[in-house]
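Novice: got a predicted structure plus its sequence, pasted below:
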Amino acid sequence: MSAAGLPVCLTRPPKLVLHPPPVSKSDIKPVPGLGHCCRKTTKKQARKGKTPEEVVKRYLQKVRNPPEEDCTICMEALAGPSGYKGPGVGGISRAESVGRLAQCGHQYHLQCLVAMYNNGNKDGSLQCPTCKTIYGVKTGNQPPGKMEYHVIPHSLPGHPDCKTIRIIYNIPPGIQVQETLHGAQGKKRSICFWLLLVAWDRRLIFSVGTSSTTGESDTVIWNEVHHKTEFGSNLTGHGYPDPSHLDNVLEELKAQGITEEECLPRD
């Protein structure tokens, strides 16, 4: 009883649940449509052949009479020479050369685009700095590792009638992360899973940088594609229920150049 004579109801604080209950090997099933349960990435192979200027020009249309606007990379007038004075563009004959990106139409100095490409991943793709349209196939700097996936006979909060796809990422030397996808909206879940496989193959799930949680530099971090790492709780915001999770993941994959239209086979 409380001091006021009223009963006091004590409740335990919610418990963080990161992992499902133990699952026997016989209860673990492959993801429908797949005859395997893991895939690996190895060290990225250096691309040969095309120079940075050749890569950039592949996505450009030449502009003979630039508009009275500034290049949003160097902030100098498009009608004048590029403001970039750094290394890596010495082989470009004219500093005032201007190109229009073929799909989105944004215009830049050729020197500025080549410098931007040289400062990136140099994977043969180019991303418009204004609208983020991706030209070519974007790949990342994800370290070598293994991605395992299977179906387990446990449901997630908010989806009591559905089994769960569990994904386990292993990045040496010893980093392991688990992700879960619920079974509701079956078609959307399948699309999301298949696109995550593409993102893994393109080395875009993880990156190397500074951790926002520990502050540690030069470490493996998430690469802007959010995953659910709580199995039976939602104390950190990385669990269920979350009805918008699949839609959010699809949008984040789209921002990396991975879409259903481009990556999945046609019926």
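Specialist: Nice, I can see it. Numbers count the residues shown, from 1 in each chain.

Novice: and for residue 59, nearest residue in space, chain neighbours not counted?
Specialist: In this structure, residue 59 finds its nearest non-sequential neighbour in residue 135, 4.1 Å apart by C-beta to C-beta, 6 or more residues apart in numbering. Just so you know, the C-beta spots here come from the backbone N, C-alpha and C atoms, and that holds for glycine as well.

Novice: for the one you found, give its distance to residue 110.
Specialist: 15 Å (C-beta to C-beta, to the nearest Å).

Novice: quick one: which of these two has more around it?
Specialist: Neighbour comparison, residue 135 and residue 110: the larger count goes to residue 110, with 23 against 20 (by other C-beta atoms under 10 Å).

Novice: list the buried ones in the lowest-mean-pLDDT helix or strand in the chain?
Specialist: Using mean pLDDT, DSSP states H and E, the weakest-scoring helix or strand in the chain turns out to be strand 175-181, at a mean of 70. Residues of strand 175-181 classed as buried: 177-181 (neighbour count, 16 or more other C-beta atoms under 10 Å).

Novice: so which elements touch it?
Specialist: Identification of packing neighbours for strand 175-181 by 3 or more C-beta pairs under 8 Å, 6 or more residues apart in numbering; DSSP states H and E yields strand 164-171, helix 186-201.

Novice: out of those, flag the one nearest residue 38.
Specialist: With C-beta to C-beta, the closest approach to residue 38 among the helices and strands packed on strand 175-181 belongs to strand 164-171: 8.6 Å.

Novice: between the closest one and strand 175-181, how many degrees?
Specialist: 160 degrees (axes from the mean of the first three to the mean of the last three C-alpha atoms, to 10 degrees).

Novice: pull the distance from strand 164-171 to the chain's centre.
Specialist: Put simply, strand 164-171 sits 16 Å off its chain's centre (C-alpha atoms, centre = their mean, to the nearest Å).

Novice: tell me the buried residues in that strand?
Specialist: Residues of strand 164-171 classed as buried by neighbour count (16+ other C-beta under 10 Å): 164-167, 169, 171.

Novice: before we move on, back to that, got the helices and strands packed on strand 175-181 as a markdown table, with mean pLDDT and distance to residue 229 columns?
Specialist: Formatted as a markdown table, these follow (pLDDT from 0 to 100; distance: least, C-beta to C-beta, whole Å):
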| stretch | mean pLDDT | distance to residue 229 |
| --- | --- | --- |
| strand 164-171 | 91 | 10 |
| helix 186-201 | 91 | 14 |
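
Novice: among the ones you listed, which is nearest residue 216?
Specialist: Of the helices and strands packed on strand 175-181, nearest to residue 216 by C-beta to C-beta is strand 164-171, at 14.3 Å.

Novice: sorry, back to before: between the buried residues of strand 164-171, which is nearest residue 24?
Specialist: Comparing the buried residues of strand 164-171 against residue 24 with C-beta to C-beta places residue 166 closest, at 14.0 Å.

Novice: the closest one: what's its closest spatial neighbour, skipping adjacent residues?
Specialist: Take residue 166 and drop its neighbours on the chain: the residue closest to it by C-beta to C-beta, 6+ apart is residue 152, 5.2 Å away.

Novice: next one: residue 157
Specialist: Leaving out its chain neighbours, the residue that sits closest to residue 157 by C-beta to C-beta, 6+ apart is residue 240, at 4.5 Å.

Novice: for the one you found, what are its contacts?
Specialist: 156-159, 180, 182, 228, 230, 234 (C-beta atoms under 8 Å, 6 or more residues apart in numbering).

Novice: can you give me the helices for this protein?
Specialist: Under the criterion DSSP state H, helices of the chain are mapped to 52-58, 110-118, 186-201, 245-255, 260-263.

Novice: of all these, which one is nearest residue 217?
Specialist: The closest of the helices of the chain to residue 217 is helix 110-118. By C-beta to C-beta, the value is 22.9 Å.

Novice: now find how far off-centre that closest one is within its chain.
Specialist: 23 Å.

Novice: before we move on, what about stretch 52-62?
Specialist: Its chain's C-alpha centre and that of stretch 52-62 lie 25 Å apart, by C-alpha atoms, centre = their mean.

Novice: could you pull up the mean pLDDT of it?
Specialist: Stretch 52-62 carries an average pLDDT of 93.
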